[in-house]
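Student: Fold the following and give me the result.
(one chain, ligands or ions: 2)
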Amino acid sequence: MGEAQIPHLDFCVGALGLEQKGTEEWKDMSKRVREACETHGCFLVAYDKIPMHQREEMIVKLEALFDLPEETKKKYTDGTFLRSYLRNSNESFGIPDATMFDVAQAFTSLMWPEGNTSFCETLHSMSSKMLELSFIILEMILSSFGLEKHYESDLGNNASSVRLIKYKAPLTNDQPAIGVLAHTDTSILTILCQNEVQGLEVLSKDGNWVPVIIPKGCFTVFVGDALQAWSNGRLWAPNHRVRMSGHEDRYSWGLFLSPKEGTSIEVPEELVDTDHPLRYRPFVHSDYLSFYLANLNTSHEVQDELLKIYAGV
Ligand SMILES: O=C(O)CCC(=O)C(=O)O
Ligand SMILES: [Fe+2]
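Tutor: Numbers count the residues shown, from 1 in each chain. Ligands and ions are numbered 1, 2, ... in the order given. Model prediction:
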């Protein structure tokens with residue numbers, strides 16, 4: 001009511017993929033993706049190259065992973081936030097480069113020294129397919145701006161990380177429990193999927209928290225700070241959070257496509273004009289990430305504005 005719905009796009013029709021680049025269907029969908037990223041900073045997408053049964057299997061496997069003893073889960077850490085098991089208002093594992101088979105295998109062997117081939121295969125295969133989906137969306141955005149060449153020169157210089165999350169159902173029904181506090185993602189793009197337990201909310205441009213009701217089988221896509229900065233603020237990285245209610249645990253799986261370590265984000269000159277004066281200075285994305293992590297637990301107002309504070313002109 002008054003509040004525009006989060007757009008729901010369907011990549012299944014015509015089996016949209018990179019092979020369709022340049023076709024009318026591709027151009028039409030690119031325009032819709034870009035509009036969603038400008039207006040909402042997020043959208044829902046149906047994508048059947050990742051079949052439903054694979055997603056369902058993945059959720060069962062996540063349950064088994066989080067059911068492992070705490071001592072086993074804690075073995076997974078290299079001392080950094082990005083590659084560790086973390087436990088706060090939720091539990092999560094950050095796995096950079098899970099799309100590489102040896103990385104998926106090393107993670108699996110640490111959790112199941114006796115072996116768990118099917119977990120390893122699902123982790124690797126789901127991550128790779130979600131990475132492919134993020135490439136399709138990124139290429140659509142670049143084509144809609146007519147800036148395909150920037151795929152090779154800057155945004156194509158990327159790496160991915162997977163985050164596996166379990167949110168416990170709240171102990172009481174009195175108040176929704178915090179799953180994740182409001183934040184923007186530092187990524188270029190984030191692709192999320194989850195079990196049937198809802199709870200994701202996005203802050204609209206006019207300042208209202210809007211529940212994102214995710215239909216079965218859909219993925220949620222968020223624009224991250226790196227893409228907001230690169231696009232000179234034309235695309236928008238919205239704040240989002242997770243609030244838990246009800247009696248069931250929520251499992252989610254995110255793929256974060258980010259600039260590779262050391263890559264600079266620089267607004268292309270084509271996106272600067274009198275109507276769109278330059279909003280962000282060039283910056284090294286990994287330096288921004290350090291700044292972001294150092295300020296993660298400060299007040300909400302600051303969290304909202306981290307990109308602007310760091311790189312705004
Ligand atoms: O679990 C979710 O749906 C959202 C997770 C999220 O926002 C994040 O990990 O950045
Ligand atoms: Fe997020």
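Student: which helices and strands does whichever strand or helix holds residue 95 pack with?
Tutor: Secondary-structure assignment from DSSP states H and E places residue 95 in strand 91-96. Using 3 or more Cβ pairs under 8 Å, 6 or more residues apart in numbering; DSSP states H and E as the contact criterion, the neighbours of strand 91-96 among helices and strands are strand 85-87, helix 101-111, strand 158-167. Bear in mind the C-beta positions are built from the backbone N, C-alpha and C, glycine included.
Student: Residue 28: which of those is closest?
Tutor: Taking Cβ to Cβ, strand 158-167 is the member of the helices and strands packed on strand 91-96 nearest to residue 28, at 25.5 Å.
Student: in its sheet, what does that closest one sit against?
Tutor: Partner strands for strand 158-167, per DSSP bridges, with pairing direction: strand 91-96 (antiparallel), strand 250-259 (antiparallel).
Student: what's near enough to touch residue 120?
Tutor: Counting by Cβ atoms under 8 Å, 6 or more residues apart in numbering, residue 120 makes contact with 101, 104, 105, 107, 108.
Student: which of these has the most neighbours?
Tutor: Across the contacts of residue 120, the neighbour count under other Cβ atoms under 10 Å reaches its highest value at residue 104, namely 24 neighbours.
Student: That residue and residue 159, how far apart?
Tutor: Summarising the geometry, the distance separating residue 104 from residue 159, computed by Cβ to Cβ, to the nearest Å, is 15 Å.
Student: quick one: low-confidence parts of the chain?
Tutor: Counting by pLDDT under 70, the chain contains low-confidence residues at 1-4, 297-304.
Student: Right, and ligand 1 sits closest to which residue of it?
Tutor: When you check the chain against ligand 1 by Cβ to the nearest ligand atom, the closest residue turns out to be residue 252, at 3.4 Å.
Student: If you drop the residues flanking it in sequence, what lies closest to that residue?
Tutor: Spatial nearest neighbour of residue 252, chain neighbours left out: residue 194 (3.8 Å); criterion: Cβ to Cβ, 6 or more residues apart in numbering.
Student: That's all I had, so thanks and see you.
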